[in-house]
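Visitor: this one's structure only:
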């Protein structure tokens, strides 16, 4: 089962706007750009948790990323059902998501905070029924998710080598003090593919939970234009940024993405404009059996969707 933090962290915030296919997609409608996180004093922060040198900050980031990847490879953690609110080119969509043994399934439950019309409900349910009754389409969907996950693991794994880190104090997090580190491109890093080229034009900050040794936030910004294929395939403009947060959603060490904000502009294939504005939030996490089949996941979504609609 793939890790949502990996998918949202760099697939959603970087890969999806860098691949040639994504560069050629229709542009989302604008929303407010993310504000940079400001450090706040953390008087109760443990002095032992705070790195004092660039080498210590680098080691902390490497440990957090290694733990992230190891836990994803190991698997065995809980599966979740949760609510995802997406603000993008289709307006404000509210979906109920569920993780199954094959992949993640979504069922639309509201558009711009209003319940679906009977026609909209029928269309979305027919989409799920099509996947349920078409093994080939279902296989293609989940194979795409697995390929995305594989690519994202590569990008996440490259973070400690692609950047140089330095300590930037401690900040107060919702569950305790967090270590804040700054990052900038490592001039010695040679990106092996197009997706990883974006790291050469990006700088920002990370927040790391020193207790769980997990990445709690990454806030990155392009400080220069980033070209792909010598600018022929396209480029992303200076000033593009993303903010991704994750947290322990169960209180006992199970981390998931809880919010993501994106703002990217640029050109694809020289002539097509890119304008990406997304603001997503995940809430209401509930553990579900981690061996759910696709059919069981769809059935559970339908039952829960009905219950949610009745509460409105």
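Guide: Arrived safely. Bear in mind the structure is a predicted one, so any value in this text is a computation, not a measurement.

Visitor: helix/strand/coil for residue 239?
Guide: coil (DSSP: H, G, I helix; E, B strand; the rest coil).

Visitor: pretty sure it contacts residue 225?
Guide: No - applying C-beta atoms under 8 Å as the test, residue 239 and residue 225 come out as separate, 9.3 Å apart. Where you see a C-beta, it was placed from the backbone N, CA and C, and this is true even at glycine.

Visitor: for the protein, what helix or strand is lowest in average pLDDT?
Guide: Ranking every helix and strand in the chain by mean pLDDT, DSSP states H and E puts helix 20-23 at the bottom, with a mean of 32.

Visitor: quick check: next helix or strand after it?
Guide: Next helix or strand after helix 20-23 toward the C-terminus (DSSP states H and E): helix 54-74.

Visitor: for that next one, give the mean pLDDT please.
Guide: The average pLDDT for helix 54-74 rounds to 88.

Visitor: so which bits of that helix are buried?
Guide: 56, 57, 58, 60, 61, 64, 65, 68, 69, 71, 72 (16 or more other C-beta atoms under 10 Å).

Visitor: how about a markdown table for those residues, with distance to residue 186 added?
Guide: A markdown table is the format used below for the buried residues of helix 54-74 (distance: C-beta to C-beta, whole Å):
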| residue | distance to residue 186 |
| --- | --- |
| 56 | 17 |
| 57 | 13 |
| 58 | 10 |
| 60 | 16 |
| 61 | 12 |
| 64 | 17 |
| 65 | 14 |
| 68 | 19 |
| 69 | 19 |
| 71 | 25 |
| 72 | 24 |
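
Visitor: which other helices and strands contact the biggest strand by length in the chain?
Guide: Across the chain, the longest stretch assigned as strand under DSSP state E is strand 272-288. Contact analysis of strand 272-288 by 3 or more C-beta pairs under 8 Å, 6 or more residues apart in numbering; DSSP states H and E lists strand 79-88, strand 91-99, strand 234-236, strand 255-268 as its packing neighbours.

Visitor: save those as TSV, and put in mean pLDDT, mean neighbour count and distance to residue 169 too.
Guide: As requested, the helices and strands packed on strand 272-288 are exported to TSV (pLDDT from 0 to 100; neighbours: other C-beta atoms under 10 Å; distance: least, C-beta to C-beta, whole Å):
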stretch	mean pLDDT	mean neighbour count	distance to residue 169
strand 79-88	92	19	31
strand 91-99	93	19	35
strand 234-236	80	24	30
strand 255-268	87	21	22
